[in-house]
Every structure is written in C-alpha cells, then in structure tokens.
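Q: Need coordinates for the below:
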Amino acid sequence: MKNTIVLIMLVMSASAFAQNVKVTDYIVPVSKATTLRFDGSWDWSEVGNSVSSNNAQANMIYRTFYSSLPIAWFINIDAFGKKNLGTYSHDVSFDASFRKYIWEDKDWFGFSRLTAEHTNDYKQINSDLTIGFGIGRYIDATALAKAVRIENHLLADKVINDFLSKDIMIRIANIIERESEYKDLYGETYETRWFDDIEKEIKTSDVLVGSTVGALGILRMRQVLFGINERVNPRYYGWDVSVGFLFPLTTYDKSPTGNPNLTLSGRYAFPLSWKTQVNSTAEAFTPMDSSFFKKITARVGVDFIYELSNRVNFVSSYRIGLVKPQDVKAEITHNLNASFWYYLENNIYLTISGDFSKVGSSPKVVSTRVGLQYNLF
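A: Below is the predicted model:
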C-alpha cells in the first residue's frame, strides 16, 4: 500500500511539472532553416620503413529550405572526398526542388526537382528533372526547441519556479525566429532589444521568482541562442508524399538517357521528445516503358538523433537500397552508421563513429573513425 501511495504521488508530481508545450504546437506561416557542416578524419601508419596507411576523408553537407503558405523550396548539397595513399576520389551531389501550394490553407502542391551527381569515375554529370504533384508540409521548430532549452536553464537556476505556459513559449519562439529582423532594425545593439523582448514575455507569467530574469537569465539566453558551451539540434516535424515524372537529362558515360520514369517519394520528420528526433525518407523509380515495374530502383533511409546532454549527441542512420534490373535478380545494399558527437566549442564537435555497409553478395565492410566536425551555421 505504501509503495502504491508513493507511485501515485510521483505521477501527480510529474503531471504538475510537465512541459506545457510540444514541438508540434509550433505552427508559423513561414518556416526556414540553413545548415552547413564540415567533418573530416585522417589516419597514418607505418610497418617497418614502409607507410602502410595514409588516408584522409572529408565531408560537407549543406541544407537549406524555405516554406511558406504559397511556396516552398529545398536545396541539398553533399560533397565527399577521400585520399587513400596516392589515390583520390570524390562524390558530389546536388538536389534542389521548388513547390507551389495550390491553396494557402491546404497542403496540396505542384513541384519541380533537379538532381545532379558527379564522381571521379566519370567525366560527365548525371542529372535529371522531375515534375509532379503531392501533399504535405515541413515545419522547422528549432526556435521553439531553443525556447525550451532556455526555460530548462531558468528552472534549474531558480529564475522561474515552474514551466511557462504554452502561449508564452510560442511567443518567445517567435521572437527567437525573428533574429534577422532585430539585426536589420537595431544593428549592432540588436541583442539588448532581442533579449529585452524575450524577458518581457517571461515577465507576463506568474512563475518569475524576482522582478527580472537578472544577469544569470541573460547569460543562459546567450549560451543557448549563440551556441556557447552547448548546441540545440534542429527540430523538424511534418510529412509529404509526391508522385512525379522523372526525365533523364544527362548520364555519367554520355550514353542515351532512356525513357522517363515514374517516381514515388515520401518524407517524415517527427521529434519523439525534446531530446529525440526521427527523420525518414523513401523513394522509388520505374521506367515508363516495357520494363514498367519490372525494373525498379528504391531507397529508404532513417535517421535517429538523441541528445544525451546539452553537449553530447548520439546520431545514427540506416540506408537500404534496392536495384532490380529487368529479368535479373535484385541487388540490395545496406549502410548503417552510429556516431557520438561531443560539442567542444565554437560549433566544433569531436566525433566518434562506426560504419557498416554491405552491397549485394559482396563481403561486409566495417570501419571506425575519430574526427572533428565544424557546423558553420
């Protein structure tokens, strides 16, 4: 009986101090985000007087998107370079898409998409253009995640004695989202106006312990908003599915481009909690000719991000691909990565990761590496 009473008290306590706002509460007419990330690693070894290993590799990832009620666009660039003793290789891919929503209050859209890729194995760029339609919308809720991180600091430092209301949190997130607007209006002194407006929203609550957030509260805001000693991971939610017609433009080896393809694709992003984010994608192609659905290329990917602390993140991804030529057995590829990112300072991470890959019946490849990652923004 005693244990039951304790359990009920714990549940009631958790309910009384539960977070008042969810990621999906953040709905804005305009959503935008940009990410530019570099990471690299190098290893060297010698056996006797001979160098047995002198390898280096680097990656660059650029992501930007803008989504409003009438239009949306997305640009993704991935660049990979590798040096293995005296051999160099690279792979660069570009993916840009534009959407026009048919009705501002609904999620139906028409779209166009241009993709291009180049590797060191070929002199020609492989590219294609897709035109189609779909339904869905993506929202960037990173500003609200930053507001929640600030709230957690203020609670821990006893600047406030309870969670802020959902409405106040969303208003604070809207102020955070408008940083560029404050810069344009107030120039070099924008920070004081920016923080002052955030503080005004906190003052409207009845949970502020003193009359102001004080120097400690301002310090915590700066740490979160400018990534000092910690970093808030991007938070997205939403989904979309689309159907399109892909027209090949150029091929790697300058061979004939072939017939158009029917494409099916979908994306889903959802933060399971304020510490956990799941992103997934799926895509399939089939030629619109006699090999329709007899020749198929399909890809599925899932990313999982968990914040162990304000400085340590666990990031994993899994990719499975299927290539099915006509009248030939399908070949399946698997790629699994698991990484720990430790935030050092100035947007620099120490990364420890492991990779597993397998292509068809070829032997599996397992590797580990330690590197540095730089998030420019």
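
Q: Just the helices from the stretch 1-150 of the chain, written as ranges.
A: 2-16, 142-156 (DSSP state H, counting those that start in this stretch).

Q: ranking those helices by mean pLDDT, which is last?
A: When the helices of the stretch 1-150 of the chain are compared by mean pLDDT, helix 2-16 comes last with a mean of 40.

Q: Residue 302 touches residue 278, doesn't it?
A: Yes. Counting by C-beta atoms under 8 Å, residue 302 does reach residue 278; the two are 7.1 Å apart. No exception for glycine: its C-beta is placed from N, CA and C like everyone else's.

Q: So, low pLDDT: which residues of the stretch 101-250 of the chain?
A: In the predicted model of the stretch 101-250 of the chain, no residue satisfies pLDDT under 70.

Q: let's see it at 90
A: Residue ranges of the stretch 101-250 of the chain with pLDDT under 90: 103-106, 119-124, 137-140, 177-188, 210, 227-236.

Q: Tell me how far residue 162 lies from residue 50.
A: Distance of residue 162 to residue 50, given as C-beta to C-beta, to the nearest Å: 66 Å.

Q: What is the burial count for residue 223?
A: Applying other C-beta atoms under 10 Å, we find 16 residues neighbouring residue 223.

Q: now it, what's its secondary structure?
A: Secondary structure assignment for residue 223 (DSSP: H, G, I helix; E, B strand; the rest coil): helix.

Q: Contact partners for it?
A: 153, 229-230 (C-beta atoms under 8 Å, 6 or more residues apart in numbering).

Q: Nearest to residue 256 among the residues you listed?
A: Set against residue 256, the nearest of the contacts of residue 223 by C-beta to C-beta is residue 230 (53.4 Å).

Q: Ramachandran angles for that closest one?
A: phi -160, psi 170 (degrees, to the nearest 10).

Q: give me every residue that touches it.
A: 149, 223-224, 310-311, 343.

Q: Against residue 178, how distant is it?
A: 22 Å.

Q: ditto for residue 72
A: 20 Å.

Q: Who has more neighbours out of those two?
A: Comparing residue 72 with residue 178 by other C-beta under 10 Å, the one with more neighbours is residue 72, at 22 against 15.

Q: Now do the strands in the stretch 101-250 of the chain.
A: Here the stretch 101-250 of the chain has its strands, by DSSP state E, counting those that start in this stretch, at 108-119, 126-140, 236-250.

Q: Nearest to residue 338, out of the ones you listed?
A: strand 236-250 (21.0 Å).

Q: Quick check: next helix or strand after the closest one?
A: strand 261-270 (DSSP states H and E).

Q: That following strand pairs with which strands?
A: Applying DSSP bridges, strand 261-270 is found paired with strand 236-250 (antiparallel), strand 276-287 (antiparallel).
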